[in-house]
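Asker: what shape does this take:
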Amino acid sequence: MALPTAFDQTTTDYSLTHAYWMARACDLAYKSESEIDEQARAWGFDTVRHHETTFTPPFPLQDTQAFTVAGDHMIVTAFRGTEPARIRDWLTDSTTPPWPGPGRTGYVHHGFAEALDSVFPAVRKAIAELRTDGQSLWFTGHSLGGALAMLAAARLYLEDPRLLADGVVTFGQPRTCDRLLAAAYNKGFAKRMYRFVNNNDIVPQLPPEPAFTHVDALRRFDASGRIHESTGLVTGLTNRAEGLTTAAFSPTGEGIRDHFMRNYLAALEKNLA
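Answerer: The predicted model follows:
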């Protein structure tokens, strides 16, 4: 099978090919606005909206960024990730205070919720304005962006169901919420949520359990790049939440190398080739 060359906006279901295009959108989220505009239009999306909020210290992030693109048949919102070292304290702190979940359902990680809250009004407004002809709606994101994509979809599902997303695809997403919200999310997004984990990527192993957990459904690449499907939690990985040091987030370590978006794309391309 050759790699797909055209973004199919008419698809309404999950496929590995569609996951590849969501990964391309995640990678694009790290680019400049002009590059995003150019590539989106090359993919057949005629409208692009950019969402950005800038923070000031002591907030752990400098900004939250995302973009929404719309075409005749599909809308995609992609959230940009960030370097794991920048959110290391969030990922390893078991005392992070909870934030009430969407629709007052369960709890979510405070830092992720606050980051999403800064751009969510603009994202929701863009989707409401652009979804004029029954287009499918997809959320995607890598790393922190994966957490924001999952939470954005949860907020629409539980707070504004007329804007319910057709699917969510994330890459290297950290644990984002408690079990109560995860259960509600899994019910609402059965066969519509797909969470990719690359081998020993350290970020999906954090923040620590049992305060935070993952949502279904898992698609995991092993060390050889072969994909495995599961509806459960990450298997075959050691939970490294306890005793983590700065060295665990070294760019030369396996846990961070496996987290790079380019390596997710390479794994997807290998499975599609």
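Asker: going forward, measure contacts between C-alpha atoms and count neighbours the same way
Answerer: Fine.
Asker: what ranges do the strands span in the stretch 1-150 of the chain?
Answerer: For the stretch 1-150 of the chain, the strands defined by DSSP state E, counting those that start in this stretch occupy 47-54, 63-70, 74-79, 98-100, 107-109, 136-142.
Asker: can you list contacts of the last one?
Answerer: Right, the one you point to is strand 136-142. 12, 22-23, 25-27, 73-81, 146-150, 152-153, 164-173, 261 (Cα atoms under 8 Å, 6 or more residues apart in numbering).
Asker: how about a cut-off of 7 Å?
Answerer: Defining contact as Cα atoms under 7 Å, 6 or more residues apart in numbering, one finds that strand 136-142 is touched by 12, 22, 26, 73-81, 146, 149, 153, 165-173, 261.
Asker: using CSV, write out every CA atom in it.
Answerer: Only the C-alpha atoms of strand 136-142 are listed here, as CSV (Å, rounded to 0.1, in the frame of the first residue of the first chain):
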residue,chain,number,x,y,z
SER,A,136,-17.7,16.0,10.2
LEU,A,137,-15.7,17.4,13.1
TRP,A,138,-12.4,16.0,14.3
PHE,A,139,-10.0,16.9,17.1
THR,A,140,-6.4,16.0,17.2
GLY,A,141,-3.2,16.8,19.1
HIS,A,142,0.2,15.6,20.1
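Asker: partner strands of that strand, with direction?
Answerer: Strand pairing for strand 136-142, using DSSP bridges, gives strand 74-79 (parallel), strand 167-171 (parallel).
Asker: same check, this time on the second one
Answerer: The sheet places strand 63-70 alongside strand 47-54 (antiparallel), strand 74-79 (antiparallel), with pairing taken from DSSP bridges.
Asker: buried ones in stretch 199-219?
Answerer: 199-208, 211-219 (16 or more other Cα atoms under 10 Å).
Asker: with stretch 250-261 instead?
Answerer: Counting neighbours by 16+ other Cα under 10 Å, stretch 250-261 gives P251, G255, I256, R257, D258, H259, F260, M261 as buried.
Asker: ok, which stretches of the stretch 101-250 of the chain are helices?
Answerer: 110-117, 120-130, 144-159, 179-188 (DSSP state H, counting those that start in this stretch).
Asker: what's the most buried one of the ones you listed?
Answerer: The highest mean neighbour count among these, using mean count of other Cα atoms under 10 Å, belongs to helix 144-159: a mean of 25.
Asker: and that one, what does it pack onto?
Answerer: Judged by 3 or more Cα pairs under 7 Å, 6 or more residues apart in numbering; DSSP states H and E, the packing partners of helix 144-159 are strand 74-79, helix 110-117, strand 136-142, strand 167-171.
Asker: against N199, how distant is A2?
Answerer: 24 Å (Cα to Cα, to the nearest Å).
Asker: now L61
Answerer: Taken as Cα to Cα, the span from L61 to N199 is 26 Å.
Asker: go on, S118?
Answerer: 32 Å.
Asker: then A23?
Answerer: Taking Cα to Cα, one finds A23 at 16 Å from N199.
Asker: which other residues reach the helix or strand of the chain with the lowest mean pLDDT?
Answerer: Least confident helix or strand of the chain, by mean pLDDT, DSSP states H and E, is helix 88-92 with a mean of 82. With contact meaning Cα under 7 Å, 6+ apart, helix 88-92 is reached by G111, L206, P207, P208, A241.
Asker: measure the second one to S224 for me?
Answerer: Between L206 and S224 the computed distance is 23 Å (Cα to Cα).
Asker: spatially central residue in this structure, please.
Answerer: G146 (1.7 Å; Cα atoms, centre = their mean).
Asker: ok, it - contacts?
Answerer: So G146 contacts T140, T170, F171, G172, Q173 (Cα under 7 Å, 6+ apart).
Asker: just put those in TSV and tack on pLDDT.
Answerer: Below are these laid out as TSV (pLDDT from 0 to 100):
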residue	pLDDT
T140	98
T170	98
F171	98
G172	97
Q173	97
